[in-house]
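A.B. asks: next input, structure requested:
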Amino acid sequence: MNFEFQYIYFIWLSAGVLLFLFLFSLVKRWKKRTIRKIGEPALVKSMIRGYSPFRFNLKFFLLCLAFLMGVLCTMSLRKPGGNDGIQRKGIDVVFALDLSKSMLAQDVKPSRLLFAKQFISKMMDAMPNNRVGLVWFAGKAYIQMPISADHSSAQMYVNDASPDVVPVKGTVIGDALEESLRSFGEREAKYKAVILISDGEDHDEKALELSKDLQKRGLMVNTVGIGSPEGTFIPDDSTGGNKLDPQTGRPIVSKLNQKELEQIAVNTNGVYVHLTDIDAAVKKITQQLAQIDKKVTGDTNLMSFSYYFWIFAAAMVLLLVIEQLLPEGKKAKT
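C.D. replies: Below is the predicted model of the structure:
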């Protein structure tokens, strides 16, 4: 990999040379005006016979060059070194996890949500070369972690995921897909996939329409349905019982909506998995992801670098020393 500047945006500081040139021109004009005011040419020549315009200009040039070396030092030239996470051949995968209250249902033990979190953990273990991102959604979707090769941080976010993180009620799968696409940070969706885990309880026509557009852009969406088609009650921690329908007063039964999740997967060339066996689900989705062309990805947060700013710092100090030692007057004749 080639050299690069860590803080390239500091290049604007080099514009300071223009200020120096302006001040230098003012000094030159002042000198000329002063000479003209003296008037007598012979007297002027006698007074400035030891002055060297060349050395005066050279000292200014050395100062400007030293300043530019300082700017380059600030920009911090570096080069990646070693093999610890510099480049990985893989794809970018976003996990979109449903955190709606229905995910607390216990038709899957210990609960739909805890079972889904176990699946995500094993899925990340099965694809160490892939970068991952996280999107949480319920009645609202947002990016929890942008695309990164830092699986350990992703695991911490997964462990802490709960319905309390997204207090808005509902299951907006369409918004989750939009946020997943946005988290990639690029318009190009090649080498990218989404793994959406949900009970799909709310019907979201927007998600079905959006999935067709995602397929055209090359994004694969693999869907994971969790829960049972027969459904079960949703625990209510505030009462210790089950959540009740505010209109009828009866316990709410949450059922897995497989049809919508299956259609999203079909529309985007992905696969649908009913999550009952974690190892089997990981194997099936891993095989599907393997069909996506791999590319070399890098994460600068995990790279080790060799830094070369000291070269410019040394050059700056050397130029300043030379400028100070260089006399402004002409060399005396012997």
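A.B. asks: spit out the contact partners of residue 199.
C.D. replies: By C-beta atoms under 8 Å, 6 or more residues apart in numbering, residue 199 lies in contact with 98, 100, 102-103, 105, 112, 171, 225-227, 254-257. C-beta coordinates here come from the backbone N, C-alpha and C atoms, glycine included.
A.B. asks: ditto for residue 62
C.D. replies: 319-320, 322-323, 326.
A.B. asks: host element of it?
C.D. replies: Using DSSP states H and E, residue 62 maps to helix 53-75.
A.B. asks: residue 195 and residue 94 touch, don't they?
C.D. replies: Yes. Taking C-beta atoms under 8 Å as the definition, residue 195 is a contact partner of residue 94 at 7.3 Å.
A.B. asks: now, the contacts of residue 199 that are in strands?
C.D. replies: Judged by DSSP state E, the subset of the contacts of residue 199 located in strands is 98, 225, 254.
A.B. asks: which one is residue 168 nearest to, not counting chain neighbours?
C.D. replies: Leaving aside its sequence neighbours, residue 168 sits nearest to residue 139 (C-beta to C-beta, 6 or more residues apart in numbering; 3.3 Å).
A.B. asks: number of nearby residues for the one you found?
C.D. replies: 16 (other C-beta atoms under 10 Å).
A.B. asks: ok, now the one 3 residues further on?
C.D. replies: The local packing count at residue 142 equals 15, with neighbours defined by other C-beta under 10 Å.
A.B. asks: checking my notes, it in a strand, right?
C.D. replies: Yes. Under DSSP: H, G, I helix; E, B strand; the rest coil, residue 142 falls within a strand.
A.B. asks: distance of it from residue 115?
C.D. replies: 23 Å (C-beta to C-beta, to the nearest Å).
A.B. asks: per-residue pLDDT of residue 84, please?
C.D. replies: On pLDDT, residue 84 comes in at 48.
A.B. asks: so what's residue 288 up against?
C.D. replies: 220, 222, 270-271.
A.B. asks: okay if I get those as a markdown table plus distance to residue 233, secondary structure and neighbour count?
C.D. replies: Compiled in a markdown table, these are given as follows (distance: C-beta to C-beta, whole Å; DSSP: H, G, I helix; E, B strand; the rest coil; neighbours: other C-beta atoms under 10 Å):
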| residue | distance to residue 233 | secondary structure | neighbour count |
| --- | --- | --- | --- |
| 220 | 35 | strand | 24 |
| 222 | 29 | strand | 26 |
| 270 | 31 | coil | 26 |
| 271 | 30 | coil | 20 |
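A.B. asks: how about the secondary structure of residue 316?
C.D. replies: helix.
A.B. asks: touching, it and residue 66? I think so.
C.D. replies: Yes. Counting by C-beta under 8 Å, residue 316 does reach residue 66; the two are 4.8 Å apart.
A.B. asks: roughly how far out does stretch 308-316 sit from the chain middle?
C.D. replies: Averaging C-alpha positions (C-alpha atoms, centre = their mean, to the nearest Å) puts stretch 308-316 30 Å from its chain's average.
A.B. asks: now flag whichever of the contacts of residue 288 is closest to residue 72.
C.D. replies: Here the nearest of these to residue 72, counting by C-beta to C-beta, is residue 220; it sits at 43.9 Å.
A.B. asks: circling back: from the contact counts, what lies against the following helix or strand past the helix holding residue 62?
C.D. replies: As assigned by DSSP H and E, the chain's next helix or strand after helix 53-75 is strand 77-81. In terms of contacts (3 or more C-beta pairs under 8 Å, 6 or more residues apart in numbering; DSSP states H and E), strand 77-81 is packed against strand 4-5, strand 304-307, helix 309-325.
A.B. asks: give the contact list for residue 109.
C.D. replies: Residues counted as contacts of residue 109 (C-beta under 8 Å, 6+ apart) are residue 115.
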